[in-house]
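S.K.: The following block contains a protein sequence and its predicted model.
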Amino acid sequence: MRELNLDRLRTLLAVADLGSFAAAARALHLAPPTVTLHVAQLESRLGTRLLHRAPAGVTATSAGSVLIDKARRLLAEADDLLQTVRRQVAGRGGRVRLGASTGALAHLLPQALQTLAAKHPQIDVQVAVVTSEEALARLAAGRLDIGIVALPQAVLRGIRVQAWRRDPVLAFIPAAWEPPRHVTPAWLAARPLIANDRSTRLSRQTAEWFAAAGERPQPRIELNYNDAMKSLVAAGYGAALLPHEAGAPMPDARIALRPLKPALWRTLAMAHRVRGDDGATQVVLEALLEMRAPRG
């Protein structure tokens, strides 16, 4: 026996607490020779006697007393660990690792996390800021439980991508520019632009929207933080194309929101492993899926 065995430690504690090998055997539902063997294995492993055997009963040696004190704390922590895992599997608690872009974090996730905290306070959702590609890679590697990703995405074995929300992409324009009621690629391309970072799916979508109309504008700056982009729009630095979720607060009064012509949509999905790991992950998925937006 190379390492200390928790079952043998439990046996030692039972013998010390109950004062006899026979009483410990009855309490643990073990055969008396098994109890004797467990204690003998511990003593052999540690190279010292742990219990004094006497007709009046069994007592701990000085070394045994030290081990018993430490073992109580160790076994209590082990029991707590098992309970934590059981709560995770049953969906009553545990940790869920979720990856999302800054856009989803800004408005969508806070609503779901608030609901989860009220209904399932023992579930700890740990959020990482990642792109869609990073989220899928981490899911495949087992370093993420749920990813909020922009569609379309390549099919990955063992990963399910479940459509979630479809929100319009709108033009965020400095109000001083007095934009038209509907914004076209030609009108926007003639003005200073603030674009999403090229690593994002939204950047590729907006580039395709411009290209379909024969426009290839060069942005003044590229960012991956929607709030920072909106601040620059409010300051008159340029216009931006960003998703606007139903129920999201209206932007700064210095920003005019305009629909696009032709319309452009940002579609998000929930990505997770096909074989669900535990109940806690399923609870978080269900809470997020309740936030579906109209897809029309």
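M.R.: In hand now; what should we look at? Residues are numbered from 1 along each chain as shown.

S.K.: Just list the residues touching the closest residue to Thr131 other than its chain neighbours, thanks.
M.R.: Using CB to CB, 6 or more residues apart in numbering and skipping the chain neighbours, the partner closest in space to Thr131 is Ser199 (5.6 Å). (Each C-beta comes from the backbone N, C-alpha and C, glycine too.) Taking CB atoms under 8 Å, 6 or more residues apart in numbering as the definition of contact, the neighbours of Ser199 are Thr131, Glu133, Asn224.

S.K.: go with 10 Å
M.R.: Counting by CB atoms under 10 Å, 6 or more residues apart in numbering, Ser199 touches Thr131, Ser132, Glu133, Glu134, Glu222, Asn224.

S.K.: Which of those residues are buried, as a ChimeraX select command?
M.R.: A single ChimeraX command selects the buried members of the contacts of Ser199 (16 or more other CB atoms under 10 Å):
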select :131,132,133,134,224
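
S.K.: Sort out which one of the contacts of Ser199 lies nearest Thr61 for me.
M.R.: Set against Thr61, the nearest of the contacts of Ser199 by CB to CB is Glu134 (56.1 Å).

S.K.: so the closest one is in which element?
M.R.: Per DSSP states H and E: Glu134 is located in helix 132-141.

S.K.: Identify each buried residue in that helix, please.
M.R.: Of the residues in helix 132-141, those scored as buried under the neighbour-count criterion (16+ other CB under 10 Å) are Ser132, Glu133, Glu134, Ala135, Leu136, Ala137, Arg138, Leu139, Ala140.

S.K.: nearest to Ala154, of those?
M.R.: Using CB to CB, the shortest approach to Ala154 within those belongs to Leu136, at 8.0 Å.

S.K.: Give me the pLDDT value at that closest one.
M.R.: Leu136 is assigned a predicted lDDT (pLDDT) of 92.

S.K.: Give the buried residues for stretch 47-64.
M.R.: Across stretch 47-64, burial judged by 16+ other CB under 10 Å covers Leu50, Leu51, Val58, Ala60, Gly64.
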